[in-house]
Each structure stands twice: as structure tokens, then as C-alpha cells.
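Enquirer: Predicted model follows, preceded by the sequence.
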Amino acid sequence: MSEAVTRIQVGGTAGTDPYEVLVGRQLLGELGGLIGEKAQRVAIVHPEALAETGDALRADLAEQGYEVVAVQVPNAEEAKTAEVAAYCWKALGQSGFTRTDVIVGVGGGATTDLAGFVAATWLRGVRWIAIPTTVLAMVDAAVGGKTGINTAEGKNLVGAFHPPAGVLCDLAALDSLPVNDYVSGLAEVIKAGFIADPVILDLIESDTEAARTPAGPHTAELIERSIRVKADVVSSDLKESGLREILNYGHTLGHAIEKNERYKWRHGAAVSVGMHFAAELGRLAGRLDDATADRHRTILEAVGLPLHYRYDQWPKLLETMKVDKKSRGNLLRFIVLDGLAKPTVLEGPDPAVLLAAYGEVGQ
Ligand SMILES: NC(=O)c1ccc[n+]([C@@H]2O[C@H](COP(=O)([O-])OP(=O)(O)OC[C@H]3O[C@@H](n4cnc5c(N)ncnc54)[C@H](O)[C@@H]3O)[C@@H](O)[C@H]2O)c1
Ligand SMILES: O=C(O)C(=O)C[C@@H](O)[C@H](O)[C@H](O)COP(=O)(O)O
Ligand SMILES: [Zn+2]
């Protein structure tokens, strides 16, 4: 018997088109309906690691009568560059891709960020569908319409808000994911727990070893709860004019670490260090209680995520954080917690407090 499919609605408020995130297994039957009848061409953007998945999708869609444009891109962050975006635009141009045609992004968050960005920019915006294949992409990257690429100066500095027409999270995809990538995705799951849904933390803490694999007893629930957190936030603030900033918890330092590592670190690992830092900052700023701050260390460490980064890199990290997207003029802004599931903005913290918080993180 096939498992039930969970449908989570996103958007549909404040003039945005609603779409659904489906979580389950064997969801490809849903793809044709999402592509719609107007499309003649479908571009499948997938990473090298998912060449077989790309081929299978191509054959399936060709059988349904679509003209398929297969666009294989590099794995991970190497895909989030202007050069790779230009390569995708070239493929679309050469195939005569029009405004009624559809892009399907299949892969991790790097691929869905790129595919969504190409969809946002091609002909000033075409329809796209996300098929996330990592935990991180299912719970976060593929949902909410933030699309983009990196530049040498920083993470996601070029992009657009361009929500997908639908998101298909096929849990079977997670079986082939290397454990490090699986665990990296748990950073965003844990983020959702700290900012909004502490049951997520309880479920992970009930068996941290099981939480590290797709075979764990709570996998589907953890993914669905995290998607609901993201869906609720982006449905009321698509363009990050306020509330959406809470989804950036741990990202101010996390993105600076990613840039410092020339995007070789996994996003989730950098966000893990960034959440540790944000917890210490919240504690030192007198906002966060000791128990919740300490809980960051224990849960992140228990699932195998990093807590520390190089102490001597602080000056460089601070410079990068100054141009974080949440900064306003010279004002540094961080998401911290006033307590469990009580995210808030800390503006212009005392430099001595910032350094002291990094003192707990740096080694
Ligand atoms: N747009 C957003 O709102 C948002 C939110 C969170 C993160 N992100 C972005 O997402 C990216 C990180 O995404 P990620 O953690 O999914 O990493 P990723 O996309 O880099 O994927 C990690 C690796 O796993 C491979 N892979 C993907 N699916 C696989 C599968 N099922 N089996 C085997 N290998 C597979 C990929 O090719 C890659 O090599 C970052 O660029 C981050 O900035 C965006
Ligand atoms: O969706 C959001 O908003 C987020 O901040 C989610 C983050 O997990 C994600 O990494 C996002 O890409 C960061 O966005 P950025 O605007 O800080 O680049
Ligand atoms: Zn993130």
C-alpha cells in the first residue's frame, strides 16, 4: 500500500499565487498536472550526481509528448554562479523556450536556487517546479521563492523572489543522499525547531542517531513540520519585509563562513556554527536563557553538526557580515532568540559582545 501524501499550501495571501508542497513517495504522477497543458517544452535542470534521475524524467516527459531540454549542471555550490546561469539561458535560447514553457529543478538547494533563478530571469519570468532531493531543499530551499546565485563577494547576492508552481518532495530520494548531506539538512530542521516549533527538537532529541538517517521513525514528521514553519512565514511575508527575517537565524555568520571557505562548506554546516554563535549572542545580550542557549550545543553536536570555526578569521567574518542582506547602512542586524520559539532582531550589538560571542565559537 502506498503511503499517504501530505499537501501543504503556501501563499495565496497578499496577492501571491498559492501553490502546494507535496510530501510522500512516488509523486512523479503529479508532475504532468503541474506542468500544465500550455507547455510544449520542459527544461529539466539537474546536478551531475542525479544524471540517472534526469534521464528517467526526460524519458517520462518525452513519452507524455513534451519537448524536453535536459540541462545538467555542476553539483552543489559550483552550480550557483553567473557562468552556470548563462549556460542555462543558452540552453533555453537554443531550444526556443517560450513564456508558456516550464522549468523543472531537480536536486538539492543549490540546484533549486539556480533553476528558480533561471526561471525568474528567462523572459522576465517563466513557470517553474521544484523537485527537491535533499532534506535541506525539501524543508527550506525549494519552498518560499527565494532564488539566486552567489558571487565572489558573497552568498546569494544576486537573485529574485520567484515562487515555484509546486514542490514535490519524494522521500525516496533521500535514500541515496550521503550522510553528511543528510545531516547538513538537519541544521535547517533544527533552525525551524528553535525559531517556531520546539516539537521538532523533542523528536530529534528522542533519538539523535535515528534522526541522522532517512530510515528514522520521525523523518516524514520532521520534514513536514519544518515545511509548515517555512510555509507559514513566507505566506505572510514573501519578500522579507519583516517576519521572514527569522528564517535567517544562524545565517549571518553562516553565510560569512561559506564565503570564507569559498563555498566548499555545506550550507547546513555553516548555519550550524552560525546558530551556535546566535545563541551565544542572545545569551550575552541578556535575551536568551542558559538552558535554551545550551540546548543549541547539545542538539547540534548530537546529530553531528559542527559548532566551531577558526578563531583567527573573526576580522574577515565581521567584514562580510557587514554586507549581509539584513544590514541597513552601517547597522549590523542579527536574528536572536528572546526565548524558545521567540525570534527577534538584535540591532547594532556592542562590538565587544559580538567578539565575546565569537569567543565561544572560535577555536
Ligand atoms: N532559497 C532558499 O530559501 C534556501 C534555503 C536554504 C538553503 N538554500 C541554499 O541551498 C543550498 C544547499 O542545499 P543542499 O544542502 O541541498 O546542498 P546541495 O544542493 O549542494 O546538494 C548537496 C550534494 O548532494 C547532491 N545530491 C542532491 N540530491 C541528492 C540525492 N538525492 N542523492 C545523492 N546526491 C544528491 C548534490 O548534487 C550535491 O553534490 C545552498 O546554496 C543554500 O544557500 C536556499
Ligand atoms: O527563506 C528565507 O528567507 C531564508 O532565509 C532561508 C535560509 O535558510 C536560506 O539559506 C536563504 O537562502 C537565505 O537567504 P538570504 O536572503 O540570506 O541569502
Ligand atoms: Zn539556509
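Expert: Perfect, I can see it now. Ligands and ions are numbered 1, 2, ... in the order given.
Enquirer: how much space between Leu288 and Arg25?
Expert: Here the distance between Leu288 and Arg25 works out to 39 Å (CB to CB, to the nearest Å). C-beta here means a position set from N, CA and C on the backbone, and glycine is covered the same way.
Enquirer: Looking at these two, which is more packed in?
Expert: Shown here are Leu288 and Arg25; by other CB atoms under 10 Å, Leu288 has more neighbours (24 against 14).
Enquirer: Can you tell me the closest non-neighbouring residue to that one?
Expert: Gly282 (3.4 Å; CB to CB, 6 or more residues apart in numbering).
Enquirer: got it, and Leu171?
Expert: Once flanking residues are discounted, Leu171 sits nearest to Arg25: 5.6 Å by CB to CB, 6+ apart.
Enquirer: does the one you found really touch Ala173, like I thought?
Expert: No. Under the criterion of CB atoms under 8 Å, Arg25 makes no contact with Ala173, lying 9.4 Å away.
Enquirer: Next one: Arg228, what pLDDT does it get?
Expert: Predicted confidence (pLDDT) for Arg228: 98.
Enquirer: Pull out the buried positions in the helix or strand encompassing it.
Expert: Using DSSP states H and E, the secondary-structure element containing Arg228 is helix 219-236. Taking 16 or more other CB atoms under 10 Å as the basis for neighbour counts, the residues of helix 219-236 that come out buried are 219-220, 222-231, 233-235.
Enquirer: and it, anywhere near ligand 1?
Expert: No. Using CB under 6 Å from any ligand atom, helix 219-236 never reaches ligand 1; the gap is at least 7.9 Å.
Enquirer: Identify the residues contacting the residue of the stretch 201-350 of the chain found nearest ligand 1.
Expert: Across the stretch 201-350 of the chain, no residue is closer to ligand 1 than His267, which sits at 3.8 Å (CB to the nearest ligand atom). With contact set as CB atoms under 8 Å, 6 or more residues apart in numbering, His267 has these partners: Glu77, Gly109, Leu136, Ser184, Ala187, Gly254, Glu258.
Enquirer: Between all of those, which two are separated the most?
Expert: By the measure CB to CB, the contacts of His267 have their two most distant members at Glu77 and Ala187, which lie 15.5 Å apart.
Enquirer: Looking at the two, which one has more neighbours?
Expert: A count of neighbours by other CB under 10 Å puts Ala187 above the other of Glu77 and Ala187, at 27 against 23.
Enquirer: Which residue is the nearest non-sequential neighbour of the more buried one?
Expert: Setting aside the residues directly before and after it, Ala187 is nearest to Gly268 in space (CB to CB, 6+ apart), at 3.6 Å.
Enquirer: Touching, the one you found and Leu186? I think so.
Expert: Yes. At 6.9 Å, Gly268 counts as touching Leu186 under the criterion of CB under 8 Å.
Enquirer: so what's in contact with those two at the same time?
Expert: Leu305.
Enquirer: what's the closest non-adjacent residue to the residue nearest in space to the middle of the chain?
Expert: In the chain, the C-alpha nearest the mean C-alpha coordinate belongs to Ala141, at 2.7 Å (CA atoms, centre = their mean). Of all residues not flanking Ala141 in the chain, Gly109 sits nearest, at 3.0 Å (CB to CB, 6+ apart).
Enquirer: Please list all residues in contact with the one you found.
Expert: Counting by CB under 8 Å, 6+ apart, Gly109 touches Pro132, Thr134, Leu136, Ala137, Asp140, Ala141, Ala142, His267.
Enquirer: Near ligand 2, list only the ones from those residues.
Expert: Filtering those for neighbours of ligand 2 using CB under 6 Å from any ligand atom leaves Asp140.
Enquirer: Filter the contacts of Gly109 down to the ones in strands?
Expert: Among the contacts of Gly109, DSSP state E puts Pro132 in strands.
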